[in-house]
Each structure stands twice: as C-alpha cells, then as structure tokens.
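K.L.:
Build me a structure from this.
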Amino acid sequence: MDVMEAILTRRSIRKYTKGEITEEQLMTIIKAGCHAPSAHNRQPWHFVVIRDREKLKRITSFHSYARMLPDAGACIVVCGDKERQPQTGFLIEDCSAAIQNMLLAVHSLGLGAVWCGLYPVTHLTKSMKQLLSLPDTIIPVGLIAIGHKGEEKTAADRFDINKIHYEEW
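P.N.:
Next comes the predicted model:
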C-alpha cells in the first residue's frame with residue numbers, strides 16, 4: 001500500500017474479531033511511531049502496550065469512548081516525557097504525530113485501529129496515570145485500540161477546497 005492510498009483509505013475501526021496482535025506487528029506499529037517528526041528531535045514518546053483483558057476493561061470504566069477495548073487485540077497508550085520535552089504544546093504535537101504514523105502502520109498491516117484521546121481531559125489522564133503507574137513526568141496523550149477488523153468502512157472524501165487560503169485569510 002503506498003502512502004497516499006494509506007492516508008486516503010484509513011478509517012477508525014471500533015469493532016474487532018478475535019485474533020492476536022503479534023509481537024512482530026506491535027513492533028512494526030511502534031517503530032512507525034518512533035519515526036514521527038518531533039520538535040528539536042527530542043522524541044519525547046513512550047509506549048505502554050496493554051494486552052491484559054482485565055486492564056483493558058478497567059479503562060472502559062473511566063473512558064466512555066473506549067468501549068471497544070475489551071474486544072481489541074491490544075492497546076498502545078502513547079505517553080509524552082516532560083523531561084525530554086518541557087514545552088507541553090510540542091510534546092502533544094510530537095506524540096500526536098507518532099499516533100498518526102502508528103494508525104497508518106496498523107492500516108498497512110490490514111488491521112483496524114481507533115485513536116482515543118486522553119490529554120487534556122484531567123480525569124482521563126489521572127485515571128490512566130494511576131492504572132499504569134506512570135511517573136509524574138509522563139503525560140498519557142492518547143491510546144490506540146488495535147484489532148483484527150470486525151467492520152469495513154469506505155473511504156470518505158474529506159478534501160474541502162474552501163479550507164485552503166493563500167498568503168492570508
């Protein structure tokens with residue numbers, strides 16, 4: 001799958017069939033995240049892989065948009081390290097770029113995924129920090145639910161010429 005095809009056809013998948021996400025697939029996905037651009041090349045990201053069914057269920061108790069997690073093969077929580085990137089805005093942008101790369105990698109592997117935000121919602125970040133025993137310097141930015149597709153979605157044309165401005169608004 002070439003890059004433009006991946007970008008134009010990737011969709012958020014929230015329904016999964018049974019099936020393991022292999023260690024090789026996880027490493028491919030995380031490697032894609034590690035190759036995202038980052039401000040000053042600080043690469044502030046860390047990745048927490050969750051496969052434990054009970055832990056996946058516990059996330060749904062505090063994150064209402066993550067109800068698909070118990071059916072997912074894995075979840076990756078993308079976190080930012082404030083010691084590596086003290087500018088919170090850059091840290092969030094860097095981790096978001098990593099998440100986008102990872103979503104494209106998931107799609108290229110024929111798997112399905114959805115990005116569920118965590119930051120800046122205080123109860124979500126606090127609950128995730130507690131669940132994963134994250135240090136104070138680590139911010140959970142978002143999570144990616146990954147699984148074997150239990151639904152197919154057609155690509156949507158989201159291009160809007162009216163959102164392009166040249167030189168000024």
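
K.L.:
on contacts alone, who are the packing partners of the helix or strand where A105 lies?
P.N.:
Following DSSP states H and E, one finds A105 within helix 88-108. Applying 3 or more Cβ pairs under 8 Å, 6 or more residues apart in numbering; DSSP states H and E, one finds that helix 88-108 contacts helix 3-9, helix 23-34, strand 45-50, strand 74-81, strand 112-117, strand 138-149. Every C-beta, even on glycine, is put in place using the N, C-alpha and C of the backbone.

K.L.:
Which SSE is immediately downstream of the third one?
P.N.:
The helix or strand immediately downstream of strand 45-50 is helix 53-60, counting by DSSP H and E.

K.L.:
Show me which positions of that next one end up buried.
P.N.:
Neighbour counts over helix 53-60 (16 or more other Cβ atoms under 10 Å) mark L56, R58, I59 as buried.

K.L.:
Please look at G117 and P140 and confirm they touch.
P.N.:
No: using Cβ atoms under 8 Å, G117 makes no contact with P140, being 10.0 Å away.

K.L.:
Report pLDDT for the residue lying closest to K57 once chain neighbours are set aside.
P.N.:
What sits nearest to K57 in space, not counting adjacent residues and going by Cβ to Cβ, 6 or more residues apart in numbering, is P70, at 5.2 Å. We have a pLDDT of 96 for P70.

K.L.:
How about the one 3 residues further on?
P.N.:
Note on G73: pLDDT of 97.

K.L.:
how near is it to Q25?
P.N.:
9 Å (Cβ to Cβ, to the nearest Å).

K.L.:
the more surrounded of these two?
P.N.:
Neighbour totals were compared for G73 and Q25, and G73 leads with 22 against 18 (other Cβ atoms under 10 Å).

K.L.:
residue contacts, the more buried one?
P.N.:
Y16, G19, E20, I21, R51, L111, I146, G147, H148 (Cβ atoms under 8 Å, 6 or more residues apart in numbering).
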